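Asks: how would this look folded up:
(2 chains)
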Amino acid sequence: EAGVAQSPRYKIIEKRQSVAFWCNPISGHATLYWYQQILGQGPKLLIQFQNNGVVDDSQLPKDRFSAERLKGVDSTLKIQPAKLEDSAVYLCASSLVLAGLYEQYFGPGTRLTVT
Amino acid sequence: AQSVTQPDIHITVSEGASLELRCNYSYGATPYLFWYVQSPGQGLQLLLKYFSGDTLVQGIKGFEAEFKRSQSSFNLRKPSVHWSDAAEYFCAVSGGTSYGKLTFGQGTILTVHP
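Replies: Sure, this is the predicted structure:
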């Protein structure tokens, strides 16, 4: 079974530029998560989808971050414009269904550096 | 709101020694508890989880963890550490009404000396 795929793996941009990350979850997984992991911290949930609907985006900085999950499969996370403090690893995860007891499978992440 | 504290930022052990990583959580009801491991450049891998029942849970790679409700703790243990266990370990909590939202601790970096 293929795991969660993410691209690109690394990205370096200048502040005020825009960037987009892509995630392909495990086939059949209805729930998709985007986490932000700043160096030295644990991952923090940004947004959570159930199929193509948003369940929780309370910690997403909506003035600059946006995310979509068209057709309930792949997802894209965008930052526009980027700030220095957005430098982090962005992790995508998926789970079979929307429930606390179902395991989340994580992708390798995209490491973003904003200069 | 749920939260997780991992008091130890960095732990160093010798290969073959025993290991215990501490985790304390804050949650109003019975939590779902997890331990994940992250190797450099890799995503997070689930080591073990606790939902209910036996408070001592076994995981992969020889790890186990014990849920202690009275102490709000979920410490991770391994009787004999291998050099390949060097990584960063994260404790996380989720609740029945949080629809799968994981709240992570800040992580503990494990260094293993030969």
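
Asks: how about low-confidence regions in chain A?
Replies: Scanning chain A for pLDDT under 70 picks out A:1, A:98-101.

Asks: center of it - which residue?
Replies: Centroid-nearest residue in chain A, with CA atoms, centre = their mean: A:Trp34, separated by 2.9 Å.

Asks: residue contacts, that one?
Replies: A:Cys23, A:Leu45, A:Leu46, A:Ile47, A:Gln48, A:Ala67, A:Ser75, A:Leu77, A:Tyr90, A:Leu91, A:Cys92 (CB atoms under 8 Å, 6 or more residues apart in numbering or on different chains). For every residue, glycine as well, the C-beta is placed using N, CA and C.

Asks: do that again at 10 Å, thanks
Replies: A:21, A:23, A:43-49, A:57, A:60, A:65, A:67, A:69, A:75-77, A:90-93 (CB atoms under 10 Å, 6 or more residues apart in numbering or on different chains).

Asks: next, the residue in chain A that chain B sits nearest to: phi, psi?
Replies: Using CB to the nearest CB, A:Gly42 is the residue of chain A that sits closest to chain B, at 3.1 Å. A:Gly42 adopts backbone torsions of phi -80, psi 160, taken as degrees, to the nearest 10.

Asks: for B:Phe67, the count of nearby residues, please.
Replies: Using other CB atoms under 10 Å in any protein chain shown, B:Phe67 is surrounded by 21 other residues.
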